[in-house]
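**Student:** Following is a predicted model, sequence given first.
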Amino acid sequence: MKAQPAPPPGNLVKGSTSFQRQAGPATYLNQRGWHQIGSYKYEQRYPLIDIQEYSAAAITKVFREHPKEIFPFPVEGCATFTEGATCRLKSAHPVILFGDRDGTVRVNLKSETNVTFTVVSNDYFDAPGSTISFDIVQRGDVPVLTQTADAHGTNPIISLGINTTGQQWIPWFTQAAYLTSAVKKYGEK
């Protein structure tokens with residue numbers, strides 16, 4: 001597992017998170033088990049100040065072509081993110097009870113500046129159908145990495161941490177730092 005970097009000098013990332021708590025549907029209790037009844041939604045934004053000379057499309061190209069350098073946890077089974085690819089994500093959470101850890105996701109590219117994961121395996125800490133999207137959008141002159149999650153049938157330890165403390169900011173803040181480094185290394189202006 002990669003060590004989490006200290007933020008580089010300058011205004012690399014400033015995050016904001018909004019939470020909308022939602023109870024998981026009762027149907028997931030029967031499909032997933034008593035320990036998989038949580039849910040969460042969030043959106044986080046990280047302005048990528050240090051790479052503002054790159055377009056959103058150029059940044060997304062690096063994101064899609066170098067996932068192993070950008071994600072703060074192992075991504076297996078896909079060297080790049082292409083439409084319909086399946087990847088195995090290793091959990092970023094250090095302690096997860098009840099064995100829900102790693103899982104398989106399908107990659108969807110919904111636009112030129114988007115990568116969306118949809119959970120397709122039942123062994124992940126989020127249920128099949130849960131999604132997380134990574135979008136690069138321009139806000140004025142600054143590209144912004146936006147991470148939007150919508151998960152259900154979730155391990156309650158995970159949903160409790162996200163809904164109460166916002167624990168997801170740690171890996172996604174780290175991802176923004178790794179993305180900045182990768183764009184400086186591989187990006188085309």
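**Tutor:** That came through fine.

**Student:** Which strands or helices does the longest helix along the chain pack on?
**Tutor:** Determined from DSSP state H, the single longest helix within the chain is helix 169-186. Secondary-structure packing of helix 169-186 (3 or more Cβ pairs under 8 Å, 6 or more residues apart in numbering; DSSP states H and E): strand 38-47, helix 56-65, helix 67-70, strand 142-154. All C-beta atoms are positioned from the backbone trio N, CA, C, and that covers glycine.

**Student:** so Ala127 makes contact with His152?
**Tutor:** Yes - assessed by Cβ atoms under 8 Å, Ala127 is found in contact with His152 at 5.5 Å.

**Student:** State the mean pLDDT of stretch 165-182.
**Tutor:** Mean per-residue pLDDT for stretch 165-182: 88.

**Student:** Pull out the buried positions in that stretch.
**Tutor:** Buried residues in stretch 165-182, counted by 16 or more other Cβ atoms under 10 Å: 168-169, 171-182.

**Student:** Could I have the CA atoms of that stretch written out in PDB?
**Tutor:** The C-alpha coordinates for stretch 165-182 follow below in PDB (Å, rounded to 0.1, in the frame of the first residue of the first chain):
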ATOM      1  CA  THR A 165     -16.900  11.700  10.300                       C
ATOM      2  CA  GLY A 166     -16.500  11.900   6.500                       C
ATOM      3  CA  GLN A 167     -13.700   9.300   6.600                       C
ATOM      4  CA  GLN A 168     -13.700   9.000   2.800                       C
ATOM      5  CA  TRP A 169     -11.800  12.300   2.400                       C
ATOM      6  CA  ILE A 170      -8.500  10.600   3.300                       C
ATOM      7  CA  PRO A 171      -8.200   8.300   0.300                       C
ATOM      8  CA  TRP A 172      -9.800  10.900  -2.100                       C
ATOM      9  CA  PHE A 173      -7.500  13.800  -0.900                       C
ATOM     10  CA  THR A 174      -4.600  11.400  -1.500                       C
ATOM     11  CA  GLN A 175      -6.000  10.600  -4.900                       C
ATOM     12  CA  ALA A 176      -6.100  14.300  -5.800                       C
ATOM     13  CA  ALA A 177      -2.400  14.600  -4.900                       C
ATOM     14  CA  TYR A 178      -1.500  11.500  -6.900                       C
ATOM     15  CA  LEU A 179      -3.500  12.800  -9.900                       C
ATOM     16  CA  THR A 180      -1.600  16.100  -9.800                       C
ATOM     17  CA  SER A 181       1.700  14.300  -9.800                       C
ATOM     18  CA  ALA A 182       0.700  12.000 -12.600                       C
END
